[in-house]
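Asker: Make a model of this:
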Amino acid sequence: MDAEEFRRFGKQMVDYVADYLENIRDRKPFPDVSPGYLKELIPDKAPDEAEQWPDVMKDIERVIMPGVTHWHSPQFHAYFPTANSYPAIVADILSDAIGCIGFSWASSPACTELEMVVLDWLAKMLELPDCFLHSSEGHGGGVIQGTASEATLVALLSARTQRLHQILGDKFSHSPDEGIISKMVAYCSAQAHSSVERAALIGAVKVRLLETDEKFSLRGETLQRAIEKDREAGLIPFFLCATLGTTSVCSFDNVLELGTVCEKEGLWMHIDAAYAGSAFICPEFRPLLNGVEHAMSFNFNPHKWLQVNFDCSAMWVKDSRLLSDAFNVDPLYLKHDNQGAIPDFRHWHIPLGRRFRSLKLWFVLRLFGIKGLQECIRKVSITMTGPFLSPIQRLFIYNVNNTITFLLKDVKLAHQFEELVKADQRFEIFGEVVLGLVCFRIKGSNEVNERLLKTINDDRRIHLVPSKVNDTFFLRFAVCASRTESKDVKFAWEVIQELTEKISDEKK
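Answerer: The predicted structure follows:
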């Protein structure tokens, strides 16, 4: 493929992508294939001779699309959102074309410096303390990780190195007596993401999953008791991962209380806000982040809810030297004349290689603006005329001439679904609806809810996933796609009601 062919075929692909996204509502969100389907559709070895571009294009629909789970379908309500926008897609094209491996400032100055600037922009949107900014007088700053799981691991390993320095002093080694590391203890909520346990496994430290209150929030008193008990047993508490927006129920740990305990007891507090963090750019949700000033590190994923395509996980630290202490390996071939004058991000994370991911964050922030991104999270305006009464009318603004403007987007759509569930006496809400996730279940046994979930996903008109807390099985309805509208929420609920009737009839 030469430059002229690239221009022609590239335009075809852009048209295909636009058609795919604009018509994604017509595709079922969950594929109807069995494991191994794809190998039956393509040869068992690569072609000897080059094939033609039109044949490759044809095989996208024949081979790939039958096995795609369409995360951006308005009927996809599983997991959490994965962001998608045209500005981010265009930025990734440019990043792929530049093709730099930005492990150091010298390897691509723009890659490093743009990342510093846009992470400061984003920090200011979140109203993070100045100590987390590159532009502050301290040693803080932000870096783009691949995922929140990576950020948690980086924070835990940095905290482990910091504590080893404190214990061993001049005798510090990255490979100390295993007896010390085996005594080190990390803490998190029982509702925290499994990546915290995995980070502890990789870091070879113990982890305590602490019980939460009635709102599934980890409290300071619980952490304090756990620290005291472990110290009495001769163990070494060193790290806490607090969660804002847990995966199961989108609950929020009390970081104000936890941060106070961590500062008093000398623990590194990392805040994982992978999904919920995007909402904090809205003033009405920013109080959920109160207490971040006590954290040593904070992370959220713009690639979940802030229109930036995967992967782009933003992490800030108060003292970047604590990261580089844990990851600094500096061979001669990576050194450069300006070393130390500006960050070399290879010292801030686990991989050496890194893509030019700040481009898509830059494009999105500029082409949406802060107000546009806030509107993506909280609302979209749709106007209707005529009388309208509904249990969810508190979500509407009534205008003159009997006109109603809907405020229904993501958070508002979630509350719409919540009200529909509450209006059906067969169902109950599990937990509290704060952002774009609604947890619900049929009143009754776990088994009937498991049967309902299987029936829903076998039906394939909508897609949900479950969770379980305190041995209670429930279904999760997440507002995921940027194209989801009020009619999609209503459609999903009608499907759920229809299939609930079906399993009730089968039981009879």
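Asker: now the strands for the chain?
Answerer: Ranges of strands in the chain, per DSSP state E, are 141-145, 184-189, 206-210, 236-243, 268-272, 297-300, 313-317, 381-385, 396-399, 403-407, 427-429, 437-442, 465-469, 472-478.
Asker: Same list as before, those strands that is, but in a markdown table and with mean pLDDT included.
Answerer: Below are the strands of the chain laid out as a markdown table (pLDDT from 0 to 100):
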| stretch | mean pLDDT |
| --- | --- |
| strand 141-145 | 92 |
| strand 184-189 | 96 |
| strand 206-210 | 95 |
| strand 236-243 | 96 |
| strand 268-272 | 96 |
| strand 297-300 | 96 |
| strand 313-317 | 95 |
| strand 381-385 | 33 |
| strand 396-399 | 32 |
| strand 403-407 | 34 |
| strand 427-429 | 93 |
| strand 437-442 | 93 |
| strand 465-469 | 92 |
| strand 472-478 | 94 |
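Asker: Could you break this protein into its assigned domains?
Answerer: What automatic domain parsing lists as the domains of the chain is 94-364, 381-507.
Asker: Just name the most buried of these.
Answerer: For the domains of the chain, the largest average neighbour count (mean count of other CB atoms under 10 Å) is found in domain 94-364, namely a mean of 20. The C-beta positions use only the backbone N, C-alpha and C, and glycine is treated the same way.
Asker: and that one, how far apart are its ends?
Answerer: 14 Å (CA to CA, to the nearest Å).
Asker: Stretch 469-487 now?
Answerer: So stretch 469-487: terminal residues 30 Å apart, CA to CA.
Asker: do stretch 276-291 as well
Answerer: Termini of stretch 276-291 sit 15 Å apart (CA to CA).
Asker: and Leu373, which of the domains of the chain is closest to it?
Answerer: With CB to CB, the closest approach to Leu373 among those belongs to domain 94-364: 6.1 Å.
Asker: Distance from the chain centre to the closest one, please.
Answerer: Averaging C-alpha positions (CA atoms, centre = their mean, to the nearest Å) puts domain 94-364 14 Å from its chain's average.
Asker: swap in stretch 66-75?
Answerer: For stretch 66-75 - counting by CA atoms, centre = their mean - the centre lies 18 Å from the chain centre.
Asker: mind listing what's buried in that stretch?
Answerer: Under the neighbour-count criterion of 16 or more other CB atoms under 10 Å, stretch 66-75 has 70-75 buried.
Asker: Please tell me the pLDDT value assigned to the residue lying closest to Leu223 once chain neighbours are set aside.
Answerer: Computed as CB to CB, 6 or more residues apart in numbering, the closest residue to Leu223 that is not its neighbour in sequence is Val261, at 5.1 Å. We have a pLDDT of 96 for Val261.
Asker: from here on, count from 707
Answerer: All right, first residue 707 from here; so that's Val967.
Asker: picking that back up, okay if I get the strands of the chain as TSV plus distance to Ala794?
Answerer: Listed next are the strands of the chain as TSV, based on distance: least, CB to CB, whole Å:
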stretch	distance to Ala794
strand 847-851	13
strand 890-895	31
strand 912-916	34
strand 942-949	26
strand 974-978	23
strand 1003-1006	16
strand 1019-1023	14
strand 1087-1091	23
strand 1102-1105	31
strand 1109-1113	25
strand 1133-1135	34
strand 1143-1148	23
strand 1171-1175	25
strand 1178-1184	20
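Asker: Out of these, which gets nearest to Thr788?
Answerer: Here strand 1178-1184 is closest among the strands of the chain (CB to CB), at 10.7 Å.
Asker: What strands flank that closest one, and is each parallel or antiparallel?
Answerer: Partners of strand 1178-1184 in the sheet, by DSSP bridges, are strand 1143-1148 (antiparallel), strand 1171-1175 (antiparallel).
Asker: How about residues contacting that strand?
Answerer: 783-787, 954, 1120, 1123, 1136, 1142-1147, 1152, 1155-1156, 1158-1159, 1162, 1170-1174, 1198 (CB atoms under 8 Å, 6 or more residues apart in numbering).
Asker: Okay then, goodbye and thanks.
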